[in-house]
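Pasting the sequence and the predicted model now:
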Amino acid sequence: MIAATPPTEIKKNFFNQKQGLASWLLTYDHKRIAILYLLGVTFFFAIGGIFAALIRLELATPAGDLVDSNTYNKFFTMHGIIMVFLFLIPSIPAVFGNFLIPLMIGAKDVAFPRLNLLSWYIYMIGGLFIITVLLMGGVDTGWTFYTPFSTSYSNGYVVAAGMGIFIAGFSSILTGLNFIVTIHRMRAPGLTWFRLPLFIWAHYATSMIQVLGTPVIAVTLFLLVLERGLHIGFFDPAYGGDPVLFQHMFWFYSHPAVYIMILPSMGVVTEIITTFSSKKPFGYTFIAFSSVAIAVFGFIVWGHHLFVSGQSAYAGMVFSVLSYIVAIPSAIKVFNWTATMYKGAVRLTTPMLYALGFIGLFTIGGLTGLFLASLGMDVHLTDTYFVVAHFHYVMVGGAIMGFLGGIHYWWPKIFGKMYNEGWSKISAVIIFIGFNLTFFPQFLLGYMGMPRRYHVYPPEFQVLNVLSSAGASVLAIGYLIPFCYLLYSLKYGPDAPPNPWGATTLEWKTQSPPITQNFEVTPVVTQEAYTYTTEEVVHVG
Amino acid sequence: MGEKSFELFPVAASSIAGHVDALYAYLVLVSAFFSLLIAFCVVFFAVKYRRKGDELPKPVDEHSIGGMVLEIVWSVIPLGLSLVMFAWGASIFFTESRPPADSLEVFVTGKQWMWKIQHIEGAREINELHVPVNRDIRLTLTSEDVIHDFYVPAFRTKTDVLPGRYTTEWFRPTKIGAYHLFCAEYCGTKHSGMVGTVYVMNEADYEQWLSKGSGEGSMAEEGQSLFNQLGCGTCHPSEINKQNGRCPNLNGLFGTTVELNDGTKVKADEAYIRESVLYPQAKIVAGYDNIMPTFKGLVTEDGLLKLVEYIRSLGPAEGMPSSATPVPTQTSGPQPPAQPTANSRAANGRAGAAPANRAAPGNQ
Amino acid sequence: MDSETVVAPSAAGAPPQHGHVEHHFEDASQQKDAATVGMWVFLVTEVMFFGGLFLAYFAYRQAYPVAFASASNNTNLLIGAANTTVLICSSLTMALAVHFAAIGKKNLIVLFLILTLLLGGTFLSVKAYEYHDKWVKHEVPGYNFDCRTDTGAPCADAAHTPLFFSLYFGMTGLHAMHMIVGVGILLFLITQARKGRYTPAWHTPVELFGLYWHFVDIVWIFLFPLLYLIDRSAMPK
């Protein structure tokens, strides 16, 4: 399967076809824009990670001895805002989606390349706002911006932070719009919907959420900024407004936003598992439609964040049962991934380790979601560390494991270099262990009743908090190792062949790294995405 | 909470806690089963089907191993197990949403960053709540500023405390002791300092504590003096069957249905009384003019609770036709919120609010 | 390994068939399809964007019917209705501009784009006058807000009337911002049309801007009855 690359002089590729800083900052090439995004999200991940480290350091002791309460509140707020809006949401779609969607569907670029570059600039401007807020002294509302605290009581830079998220949101909207049109209109001849790689299906579903959900958070923040800045009341009871309406509007976006983070990761994991099982994914159509189902049902479960917020008990029941229904497509995916390995030829490469780690962590994250969807259980658990642990299992254990898996899987394609397998496997294992050590104790803390966003906590919670902080330091080391060997590989790593893993999707049919126009000739597709043997070719129609 | 030792499971000290823990056990079992099943399959397949040499596996025909059947099985079984979780959780939630009749009333006001608690007999405390064991306790909660959340882990219950409206929380403590009270909704700088202690005492100790605490008379009495101090009584008659045509009689009002001048009907609950004091023009009783000034800014949240308590103490008395309340209702089930800002968790179970067991103030 | 990848005619190698087809599209029809789908998806996001405000409007109208009824009497029905007519006419002129672009009448494209611009400008000027009027009457929420009826008495349930005016300014303000963006794009289209850039074969920008302009128009068609009409006679007497 591995194609031999004829030894030639330096091949033309999208890195060396144009040179100079301007050729990067003014590029319309989706691959270069993906790399610009990679730099951006990595930067913000590092910033958000520093805040995470400070939070865990403070929580190693029950007293508030490292920083004062106000500073601590700013730590977790900045951690949340940066990680959610500037890392998790753009991470996989903007980096891998941008790089791979045109390659996987045999197109030369996304439908609107200029808009794509504009999206990156909008993202960076939004990020600049957040960094400015950070330098000016931060904001202490929590990433949820609940009113009336955020509009009338907070002493942080709420308007600037709100504007930053508002702006970054448009980057997300435009990226989603670009992907939808690209997937609809730019597919290579013969590439029908059911021949698409499942990564594309996952991104299609993600883009639907971005396009439908993000405008709602935008208008919500618009109203929030008006209320904070001009005292035009919408949510503050002092102006006759309703703070619960804010929560409804906020979660109408922010719950589906969780699926913006996890669906692309599921797409990555599907690609990795099928490649390293050398086998067609089990239940292609079920995986494909479960992505769409998650996107659709994800929009009608937001009220499960408001079970104790004073919404009616009947609304609570509806949202609870819908939340269980949205869990089923996720379960289907997990079972199908597992079944894909059955009778395959499994290779435990680094990307595969991340993918299997994803399955484990996402399973726990998903199952603990069932606890929180249960009304009577949620009354006890909501706003405790159980919630914190749950969404970190989904977002860190899920989205970031998928992101790292994707980095390791497509690194040879993007940069044309192989990295060190030994180090990468070691770091994958360290991350898995460190992650569980950090966040599993938080489930226990949550059931014990430790509320989230607590700077100071009763001493009986200390043992579990120390465990969690210890795990965080292991996790931090795990995240630092890939920085080193990946950067090392750029200069000293061996050249990557076009298809080092023996994968079947279109991006592996072109050279590594690809040329600017992706393919020498536009590919024509005559069979399904995952065809590992030539015998099967004939029956496809 | 007394000892600071390391624990892994919270003490269960309310009648609902056992039910929540049982549901938790079920959820943990189901989760553990599926986690281990998946983990086992992943590891087993990874070892058993590891790639040897360069050979590709034979393609597996999904139909031959019953692909569709498998998909249905692993969709339907989790769905079934989930719906059990839903039904079980919902039934606990409904119990939590409906305070039993004859609950002991306690009023809670949250503010940055403290809990102010008033007992109906007049005792007041800050960041502490003393309650008798094995009695149903019903809290009526509101906030003076931002959103807070009244959370007692040992009772497995919490409720958001919202500015501008009343919410309800109830529990029946079953174990004597001292338990953590946390604010669970982030409320600003000293959020983690907005904590307190709930003391569950036996009946005798509680009575003794109560007798020490109440110096200024019951809440209804304090409400009455506030009522007079604000001049409400100069217009609103509170004697039975007395009318002056300018202001509705408040006697026998509470809990009944009031007809408004636009023909709609509204239930006279805590939220309605509160709104009528602060925004008197929002709902005008049929047959009356829009003449009442607003008392916004003149009365605190604590004061409002006292006024509500005073008006509640005025009735409805049994069999006594009340002039301003043409259609008395006797609902016991949940009903549509009287007005959108009324928390329906609070609106539910208001039947229990009938003040049969309450000491009426002297003027009646 | 390339069994399914066969050689297709390379667009890069083919002679440029049309000046406006960008490099990454196979042909003009794919490019036009992509642009049209993109515009519709964009309008969907706009619907969601305004949707949040409509949700807030309906929630608060339900909660405070008296305040909304009273405050909506303070909108100027005559001016609002006239402005609605102006906007509907601008949609007609825009549709005609698209029509003449499709049949290649350059001067008529320019004429009707300019008419659209004038009508849009009229709408915005009238809106500015209305805002000024509200400002003078202390009907802008915030400090010095004071809602009064024609007779000078305070509005009914005056405490909740700021919500109505907050929504009024929020919704019409957002709408006006869309109009201003539209006017900017119109200026660009007019200069391009004068240079004869738009032909029957390629006039996608005019066509897509038409979609946008109609959308903005439709938003107003919902705003006008909700803010000016629906509660006008609902005041309990």
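Yep, it's here.

Which strand or helix spans A:Trp411?
Here A:Trp411, judged by DSSP states H and E, is contained in helix A:401-415.

I'd like the next helix or strand past that helix.
Sequence-wise, the next helix or strand downstream of helix A:401-415 (DSSP H and E) is helix A:421-448.

buried stuff in that following helix?
The neighbour-count check on helix A:421-448 (16 or more other C-beta atoms under 10 Å in any protein chain shown) flags A:423-425, A:427-428, A:430-432, A:434-448 as buried. In this view, the C-beta of every residue, glycine as well, is placed from N, C-alpha and C.

again, but for stretch B:233-251
Within stretch B:233-251, the residues scored as buried using 16+ other C-beta under 10 Å are B:236-238, B:240, B:247-251.

between those residues, which is nearest A:Ala472?
Nearest to A:Ala472 out of the buried residues of stretch B:233-251 is B:Leu250 (C-beta to C-beta; 58.9 Å).

list the contacts for the closest one?
Residues in contact with B:Leu250 (C-beta atoms under 8 Å, 6 or more residues apart in numbering or on different chains) are B:236-238, B:311, B:314, B:324.

do A:Pro62 as well
Counting by C-beta under 8 Å, 6+ apart, the residues that A:Pro62 touches are A:456-459, A:461-462, A:465.

Where does it sit: helix, strand or coil?
Local secondary structure at A:Pro62 is given as coil here, using DSSP: H, G, I helix; E, B strand; the rest coil.

thinking again about what came up before, what's the helix holding A:Trp411 packed up against?
Applying 3 or more C-beta pairs under 8 Å, 6 or more residues apart in numbering or on different chains; DSSP states H and E, one finds that helix A:401-415 contacts helix A:30-58, helix A:89-92, helix A:98-104, helix A:243-277, helix A:350-373, helix A:421-448, helix A:462-492.

Convert the shortest one to CSV, retaining C-alpha atoms only.
Once side chains and other backbone atoms are set aside, the C-alpha atoms of helix A:89-92 remain, and they are given as CSV (Å, rounded to 0.1, in the frame of the first residue of the first chain):
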residue,chain,number,x,y,z
ILE,A,89,-14.4,25.7,18.9
PRO,A,90,-11.9,26.6,16.1
SER,A,91,-9.4,23.8,16.9
ILE,A,92,-10.4,20.8,14.7
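
for chain B, what are the nearby residues on chain C?
Contact residues, chain C versus chain B (C-beta under 8 Å from any C-beta of the partner chain): C:59, C:62-67, C:156-160, C:236.

Kindly recompute the last result at 10 Å.
C:59-60, C:62-67, C:69-70, C:153-161, C:234-237 (C-beta under 10 Å from any C-beta of the partner chain).

For stretch C:149-156, list every residue counted as buried.
Using 16+ other C-beta under 10 Å as the test for burial, stretch C:149-156 gives C:155-156.

now, among the contacts of B:Leu250, which is nearest to chain A?
Nearest to chain A, judged by C-beta to the nearest C-beta, of the contacts of B:Leu250 is B:Ile311 at 21.3 Å.

helices or strands up against the strand or helix carrying that closest one?
B:Ile311 is part of helix B:301-313, with elements assigned from DSSP H and E. Contact partners of helix B:301-313 among helices and strands, from 3 or more C-beta pairs under 10 Å, 6 or more residues apart in numbering or on different chains; DSSP states H and E: strand B:104-111, strand B:114-119, strand B:137-143, helix B:219-229, helix B:270-278.

So which of those is nearest chain A?
Chain A lies closest to strand B:137-143 among these, at 9.0 Å (C-beta to the nearest C-beta).

Please compute how far the closest one lies from its chain's middle.
In this view, strand B:137-143 has its centroid 6 Å away from the chain centroid, taken as C-alpha atoms, centre = their mean, to the nearest Å.

and that strand with chain A, contact?
Yes: Strand B:137-143 reaches chain A (C-beta under 10 Å from any C-beta) through B:Ser143.

quick one: average confidence on that strand?
Strand B:137-143 shows a mean pLDDT of 94.

Next, the angle from it to helix B:270-278.
Taking axes from the mean of the first three to the mean of the last three C-alpha atoms, to 10 degrees, one finds strand B:137-143 and helix B:270-278 inclined to each other by 40 degrees.

Can you name the next helix or strand after strand B:137-143?
Following strand B:137-143 in sequence order, the next helix or strand is strand B:148-152 (DSSP H and E).

ok, which stretches of chain C are helices?
Along chain C, the segments classed as helices by DSSP state H run C:28-63, C:65-72, C:77-102, C:106-136, C:161-194, C:204-224.

Please name every helix or strand in contact with the longest one.
The contact analysis (3+ C-beta pairs under 10 Å, 6+ apart) places helix C:28-63 against helix A:158-185, helix A:198-230, helix A:243-277, helix C:65-72, helix C:161-194, helix C:204-224.

will you turn those into a markdown table that also has distance to A:Phe85 and mean pLDDT?
What follows is those, written out as a markdown table (distance: least, C-beta to C-beta, whole Å; pLDDT from 0 to 100):
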| stretch | distance to A:Phe85 | mean pLDDT |
| --- | --- | --- |
| helix A:158-185 | 5 | 95 |
| helix A:198-230 | 9 | 93 |
| helix A:243-277 | 9 | 94 |
| helix C:65-72 | 34 | 87 |
| helix C:161-194 | 22 | 93 |
| helix C:204-224 | 27 | 95 |
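
got those as JSON lines, with mean neighbour count columns?
Listed next are the helices and strands packed on helix C:28-63 as JSON lines, based on neighbours: other C-beta atoms under 10 Å in any protein chain shown:
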{"stretch": "helix A:158-185", "mean neighbour count": "24"}
{"stretch": "helix A:198-230", "mean neighbour count": "25"}
{"stretch": "helix A:243-277", "mean neighbour count": "27"}
{"stretch": "helix C:65-72", "mean neighbour count": "25"}
{"stretch": "helix C:161-194", "mean neighbour count": "19"}
{"stretch": "helix C:204-224", "mean neighbour count": "19"}
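
Which residues of the stretch 251-364 of chain B lie near chain C?
Proximity of the stretch 251-364 of chain B to chain C, by C-beta under 10 Å from any C-beta, involves residues B:260-264, B:275, B:278-284, B:286, B:290, B:294, B:296, B:339-341.

can you list the weak-confidence ranges in chain A?
With pLDDT under 70 as the threshold, chain A has low-confidence stretches at A:1-9, A:533-541.

Now render the helices and strands packed on helix C:28-63 as a markdown table, adding distance to A:Gly138.
Output for those, formatted as a markdown table (distance: least, C-beta to C-beta, whole Å):
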| stretch | distance to A:Gly138 |
| --- | --- |
| helix A:158-185 | 9 |
| helix A:198-230 | 16 |
| helix A:243-277 | 20 |
| helix C:65-72 | 38 |
| helix C:161-194 | 28 |
| helix C:204-224 | 37 |
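
Specify the stretch among those helices that is closest to B:Tyr24.
That would be helix A:243-277 among the helices and strands packed on helix C:28-63, by C-beta to C-beta, at 23.2 Å.

next helix or strand past that closest one?
Following helix A:243-277 in sequence order, the next helix or strand is helix A:284-297 (DSSP H and E).

C:Asp27 and chain A: what is the separation?
12 Å (C-beta to the nearest C-beta, to the nearest Å).

Now for that residue, how many residues are close by?
Here the number of neighbours of C:Asp27 (other C-beta atoms under 10 Å in any protein chain shown) works out to 13.

For it, which non-adjacent residue is closest in space?
Spatial nearest neighbour of C:Asp27, excluding adjacent residues (C-beta to C-beta, 6 or more residues apart in numbering or on different chains): C:Val21 at 6.4 Å.

so how far is chain A from the one you found?
C:Val21 is 12 Å from chain A, by C-beta to the nearest C-beta.

List the contacts of that residue.
C:11, C:27-32, C:202 (C-beta atoms under 10 Å, 6 or more residues apart in numbering or on different chains).

Mind telling me the two of these farthest from one another?
C:Ala11 and C:Trp202 (17.4 Å).

Check the offset of the one helix or strand in chain C whose mean pLDDT sits lowest from the chain's centre.
Lowest on mean pLDDT, DSSP states H and E among the helices and strands of chain C sits helix C:65-72, with a mean of 87. A distance of 26 Å separates the centroid of the chain from that of helix C:65-72, by C-alpha atoms, centre = their mean.
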